[in-house]
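Novice: no sequence on hand, only this structure:
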């Protein structure tokens, strides 16, 4: 099968959307399928020419300043249509349709190609964090209109799928979760890494956060537990626009900011920690939570978005009520102070992730592509399944 992807984000940026797409591209190549990726870029941020043998087409764009400067908005170019025609796609998949996705949707409809759209970001929550609440209603109406042009809509977790249906988005299916359990593994535990993350105090309890450092991730909520729990260390792994303000906020606490980590170092950081603290309430899935779980580290996450689809409270991790800092602190305290419970939940988390392989997820995705082809043949324009 020949698949054309239109994505709002791609390398060199790394986030949950990009991680999912990269693993999918790798497994599509192993299964002898071919893809082309249309992604926005600026003169300051070059895209790779290809990824795992799949061609990457750069689309010049502009940064979404001042609200979200890391987000590049791709601008329409005639080259996109020419490249798509040369590629002769069987299916078009638009990821998180905003600007690039809208352009991809229009091109696919013009050519009567099977079209899928996937939903990865809770834009209403992001709009609130960016103080753009006036955009919530028109934004939801826009997304509903764009998604309902697709033959199939994919959601990354069951709670988000339910929310999409409630918003009037039709023909929804699950894009199954997955994690690389070979790369993220309890065997990566390292005394040297733990010594680094605890700043030379490896016997103290260690909680870790991994991800983008931005306001919507609610990292500031971790100030309460690290200030009030004794004998506890916090490692914050990642970078982002809020890095400077967070360093100032956590100044004087037992907190280490490591900057960006990847590869073996990241795998060791997960496995060498005691608890993964995940305060974000805007996640549609939360890949970093899956990576921690695969490393045998239990997660304390928000009871919001797609997180409850991953964390079964009291079985493979713990949930807290978003905004309730006492609840967050108490759940972290419970795990950090109880090694038996921590090991029990961490072991179950690892067992659960072993069923979530990228090969299985990609095969299920190909089923959705074939279904989109069938729907396109039956309905033009598409109607409800």
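Specialist: Looks like it came in fine. Being a predicted model, the structure only gives us computed values, none of them experimental.
Novice: rest of the way, CA atoms for contacts and neighbours
Specialist: Will do.
Novice: wait, residue 165 touches residue 174, no?
Specialist: No - between residue 165 and residue 174 there is no contact, the gap being 12.0 Å when judged by CA atoms under 8 Å.
Novice: with neighbour numbers in mind, choose between these two.
Specialist: Neighbour totals were compared for residue 165 and residue 174, and residue 174 leads with 18 against 13 (other CA atoms under 10 Å).
Novice: the more buried one: what's it in contact with?
Specialist: By CA atoms under 8 Å, 6 or more residues apart in numbering, the residues touching residue 174 are 154, 155, 156, 157, 158, 161.
Novice: repeat that for 6 Å
Specialist: Contacts for residue 174 were tallied using CA atoms under 6 Å, 6 or more residues apart in numbering; they are 154, 155.
Novice: next one: the one 10 residues further on
Specialist: Contact partners of residue 184, counting by CA under 6 Å, 6+ apart, are 267, 291, 294, 295.
Novice: does the first one sit in a helix, a strand or a coil?
Specialist: When classified by DSSP: H, G, I helix; E, B strand; the rest coil, residue 267 comes out as helix.
Novice: which one is it nearest to, not counting chain neighbours?
Specialist: Distances taken as CA to CA, 6 or more residues apart in numbering place residue 184 nearest to residue 267, at 5.4 Å, with adjacent residues excluded.
Novice: what about that neighbour, distance to residue 211?
Specialist: Distance of residue 184 to residue 211, given as CA to CA, to the nearest Å: 15 Å.
Novice: show me the longest helix that occurs in the chain.
Specialist: Ordering each helix of the chain by length in residues (DSSP state H) puts helix 358-378 first.
Novice: can you give me the helices for the stretch 251-385 of the chain?
Specialist: For the stretch 251-385 of the chain, the helices defined by DSSP state H, counting those that start in this stretch cover 263-271, 287-294, 325-336, 339-353, 358-378.
Novice: just the buried positions in the fourth one, please.
Specialist: Looking back up the chat, that one is helix 339-353. Residues of helix 339-353 classed as buried: 341-353 (neighbour count, 16 or more other CA atoms under 10 Å).
Novice: just want the angle from that helix to helix 325-336.
Specialist: With axes from the mean of the first three to the mean of the last three CA atoms, to 10 degrees as the basis, helix 339-353 and helix 325-336 are set at 90 degrees to each other.
Novice: next one: the shortest one
Specialist: If you take the same axes, to 10 degrees, helix 287-294 sits at 30 degrees to helix 325-336.
Novice: how about the last one?
Specialist: Taking the same axes, to 10 degrees, helix 358-378 and helix 325-336 form an angle of 130 degrees between their directions.
Novice: got the contact list for helix 358-378?
Specialist: 114, 151, 152, 176, 178.
Novice: just the closest of these to residue 17, please.
Specialist: residue 178 (12.4 Å; CA to CA).
Novice: residue contacts, that closest one?
Specialist: Residue 178 is in contact with 356, 357, 358, counting by CA under 6 Å, 6+ apart.
Novice: ok, now with 10 Å
Specialist: For residue 178, the contact set (CA atoms under 10 Å, 6 or more residues apart in numbering) comprises 20, 23-24, 287, 290-291, 353-362.
Novice: how about the secondary structure of it?
Specialist: Under three-state DSSP, residue 178 comes out as coil.
Novice: for the residue nearest to it when sequence neighbours are not counted, grab the count of nearby residues.
Specialist: Nearest non-adjacent residue to residue 178, counting by CA to CA, 6+ apart: residue 356, 4.4 Å away. Residue 356 sits with 18 neighbouring residues when counted by other CA under 10 Å.
Novice: right, and residue 356 touches residue 287 too?
Specialist: No - Residue 356 is beyond contact range of residue 287, at 11.8 Å (criterion: CA atoms under 10 Å).
Novice: quickly list what's touching both of the two.
Specialist: Contacts common to residue 356 and residue 287, judged by CA under 10 Å, 6+ apart, are 177, 178, 179.
Novice: quick one: those as CSV, columns for distance to residue 240 too.
Specialist: Below are the shared contacts of residue 356 and residue 287 laid out as CSV (distance: CA to CA, whole Å):
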residue, distance to residue 240
177, 25
178, 25
179, 23
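Novice: which SS class is residue 79?
Specialist: On the basis of three-state DSSP, residue 79 is classed as helix.
Novice: ok, it - contacts?
Specialist: Residue 79 makes contact with 57, 58, 59, 85, according to CA under 10 Å, 6+ apart.
Novice: and what of residue 307?
Specialist: Neighbouring residues of residue 307 by CA under 10 Å, 6+ apart: 157-160, 278, 280-287, 289-290, 300-301, 319.
Novice: restricted to strands, list the residues you listed.
Specialist: The strands, defined by DSSP state E, take in 278, 300, 301, 319 from the contacts of residue 307.
Novice: would you mind measuring from the residue nearest to residue 332 when sequence neighbours are not counted to residue 180?
Specialist: Leaving aside its chain neighbours, residue 332 sits nearest to residue 300 (6.6 Å; criterion: CA to CA, 6+ apart). Note on residue 300: its distance to residue 180, by CA to CA, is 21 Å.
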